[in-house]
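# Show me how the following folds:
(one chain, ligands or ions: 1)
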Amino acid sequence: MLGWLRRTRAGESMKVPLLDLKAQYESIRPEVEQAIQRVIGSQAFTLGPEVEALEKALAAYCQCRYAIGVSSGTDALLCSLMALEIGPGDEVIVPTFTFFATAGVVARLGAKPVFVDIEADTYNIDPAGVESAVTERTKAIIPVHLFGQCADMDAVLAIAQSRSIHVIEDAAQAIGAEYKGRRAGGMGRLGCLSFYPTKNLGGFGDGGMIVTNDADLAARCRSLRMHGFRADEPYYHDWVGGCFRLDALQAAVLRVKFDHLEAWTQARQRNARRYDELLAPLPVAGPVVRPGNRMVYNLYVVRVPERDRVRAAVTAAGIGTNIYYPLSLHLQPCFAHLGHKPGEFPVAERATQEVLALPVYPELTAAQQQHVVKVLTEAVSE
Ligand SMILES: *Cc1c(COP(=O)(O)O)cnc(C)c1O
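Numbers count the residues shown, from 1 in each chain. Sure thing, here's the model as predicted:
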């Protein structure tokens, strides 16, 4: 009787965070601390050999010739658009269901973000929507590989190539993801990665990277991250750039973590498979992975009926979840001047009402997942 009570109490009090970065840190602490000490000892804090080594590793990992370390995923996108000289009068096609940065960088350069709806199963940009959004002003398309699964790149690239439109991949959530054997970031003219702490390869702060196979664009991005310095003549500027440098401390930490990335990705995939099975009897729809895609599960997102009520119950039981994303970008107050109306992109708008991200981080245990599903089952059937 007492044993039963104790078990029940322990079960009830089991808390599962959405992400457990402390668990990850504990598994690599000595390596990380050594790397940090190495940078402190060098007193060389921006760019330099740590950043160059990380760039080399990530270029190879993304199947690209060049990689340029920058200050964030947002700045990777911004710098990419600047390298392509996108500005006032230009239009850039983006999904309306993504993290704000994808569209924010377009607006910051004075160009117009042109929103497109998503596909209901993958949450990625709908190629049919892209096709009908193209105008003679369209300079670029930014497909986002949302939650860790690549967008329909054959379709996007076909639309772009027939009209000389640039494709910039927003691979912030998709490092290591594959589309028909090709790595995320390496399919467009430029690919953008984020090292924000919650991403699959997360630093101890902000960081990002641009990957590309284009030597001229690589050189331009390299210059732009340093105020547009000439490569061989500092303090001479052919372009107006910014301060988009990556810190050596971040690069050193990321180099350590990079060696574990594949194992962590596989652990995320194992956890996703477990959820797929455990959630099958529930009236929730899990992620759909298209044939030919290798999904890296930065987020494991389900569609839940009565999402807000269910989330409140799950939160009260100590389970960490989040909503990516609660409001489509076309309905954000800052884009009101673009004149969009509710109902314009119904697939995205419906997703904002139904999606819920569950914990899927690599260190998550089977017992924790069973507990998450048990709590979710109770919440859904209330
Ligand atoms: C995280 C993220 C970004 C921005 O990356 P930061 O490093 O946070 O600036 C851009 N796009 C998407 C889809 C993201 O998830």
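
# quick one: the closest residue to P127 other than its chain neighbours and G148, what's the gap?
Sequence neighbours aside, A155 is the residue nearest to P127 in space, at 3.5 Å (criterion: Cβ to Cβ, 6 or more residues apart in numbering). For every residue, glycine as well, the C-beta is placed using N, CA and C. From A155 across to G148, the span is 19 Å (Cβ to Cβ, to the nearest Å).

# Next: E55.
Counting by Cβ to Cβ, the gap from E55 to G148 is 22 Å.

# With neighbour numbers in mind, choose between those two.
Between E55 and G148, G148 has the larger neighbour count (other Cβ atoms under 10 Å), namely 30 against 22.

# At the contact with the ligand, which residues of this structure appear?
72-74, 98-99, 101-102, 144, 170, 172-173, 194, 196, 206, 208 (Cβ under 6 Å from any ligand atom).

# Next step: these restricted to strands.
Counting by DSSP state E, the residues of the chain next to the ligand place D170, S194, G208 in strands.

# List just the nearest of the residues of the chain next to the ligand to L249.
Of all the residues of the chain next to the ligand, L249 sits closest to D206, with 11.4 Å by Cβ to Cβ.

# which residues touch that closest one?
S71, S72, F195, Y196, Q250 (Cβ atoms under 8 Å, 6 or more residues apart in numbering).

# For F115, see how far away the residue in the chain positioned nearest to the ligand is.
In the chain, the residue that lies nearest the ligand is G73 (2.4 Å; Cβ to the nearest ligand atom). Here G73 is placed at a distance of 20 Å from F115 (Cβ to Cβ).

# go on, G181?
G181 is 30 Å from F115, by Cβ to Cβ.

# More neighbours: these two, which one.
F115 (25 against 8).

# So what touches stretch 171-180?
For stretch 171-180, the surrounding residues in contact (Cβ under 8 Å, 6+ apart) are 61-62, 73, 76, 99, 101, 144-151, 153-154, 183-185, 187, 191-194, 196, 199-201, 208, 261-262, 265, 292-296, 298-299.

# go on, stretch 319-335?
With Cβ under 8 Å, 6+ apart, stretch 319-335 has contacts from 15-19, 94, 96-100, 102-103, 107, 113, 115, 147, 299, 301, 307, 311, 314-315, 338, 340, 342, 344-345, 348-349, 352, 355-359, 371-372, 375-376.

# Then stretch 119-133?
93-95, 97, 114-118, 141, 143-147, 149-152, 155-156, 159, 287-288, 290, 301, 345, 347, 350-351, 355.

# give me that answer again for 7 Å
93, 95, 97, 114, 116-118, 141, 143-144, 146-147, 149, 151-152, 155-156, 159, 288, 290, 347, 351 (Cβ atoms under 7 Å, 6 or more residues apart in numbering).
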